[in-house]
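S.K.: can't give you the sequence, but here's the structure:
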């Protein structure tokens, strides 16, 4: 059983997936820092000195000066500012992944189309093998075509 588990874990796809998850987690932290530390402060300043991490709705009916104070008091809150930050995180990660996949897809060449093995009869339009000299459907004589080498 251990040997099977080791063989499964050491397959190329599993190791590649593990590396991708680790790199993705690190990339997620970078994007979160980018949004929280570089994008949201100027955006909040432009929108009238709004701190998005402090935007919340208090469900307890009391008034708290900040989200941290509401959490410290154990109040139930709807943290829509944090949600906005997370949406921006998701959009940036989605955009980067899209651009990455698009770039990788451009690097792959499409496989060449297979050479045709049939052609149409000029009289009845039936598919005829390239080497045929007579159409099997209408028995019309046709010229044989040598396949490309």
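M.R.: Received, thanks. Predicted, not measured: the structure shown is a model, and the values here were computed from it.

S.K.: how many neighbours does residue 88 have?
M.R.: Residues within reach of residue 88, counting by other Cβ atoms under 10 Å, total 19. Glycine gets a C-beta too; all of them are placed from N, C-alpha and C.

S.K.: which residue is the nearest non-sequential neighbour of it?
M.R.: Among residues not flanking residue 88 along the chain, residue 35 sits closest, at 5.0 Å (Cβ to Cβ, 6 or more residues apart in numbering).

S.K.: does the one you found touch residue 92 like I think?
M.R.: Yes - counting by Cβ atoms under 8 Å, residue 92 is a contact partner of residue 35 at 6.6 Å.

S.K.: okay, and residue 45 sits in which element?
M.R.: Using DSSP states H and E, residue 45 falls within helix 40-46.

S.K.: how far away is residue 141 from residue 41?
M.R.: 82 Å (Cβ to Cβ, to the nearest Å).

S.K.: how about residue 109?
M.R.: The spacing between residue 109 and residue 41, counted by Cβ to Cβ, is 45 Å.

S.K.: which one's more surrounded, these two?
M.R.: In terms of neighbours (other Cβ under 10 Å), residue 41 is the more surrounded of residue 109 and residue 41; the figures are 14 against 6.

S.K.: in contact with the more buried one: list those residues for me.
M.R.: Residue 41 sits next to no residue when contact means Cβ atoms under 8 Å, 6 or more residues apart in numbering.

S.K.: let me know the pLDDT of it.
M.R.: Confidence at residue 41, expressed as pLDDT, is 82.

S.K.: picking up where we left off before, which one's more surrounded, residue 35 and residue 92?
M.R.: Neighbour totals were compared for residue 35 and residue 92, and residue 35 leads with 22 against 17 (other Cβ under 10 Å).

S.K.: wait, what's in contact with the more buried one?
M.R.: 85, 88-89, 92.

S.K.: now swap in residue 133 and tell me
M.R.: Going by Cβ under 8 Å, 6+ apart, the list of residues near residue 133 reads 141-144.

S.K.: next one: it from residue 115, what distance?
M.R.: 20 Å.

S.K.: same question for residue 97.
M.R.: From residue 97 across to residue 115, the span is 37 Å (Cβ to Cβ).
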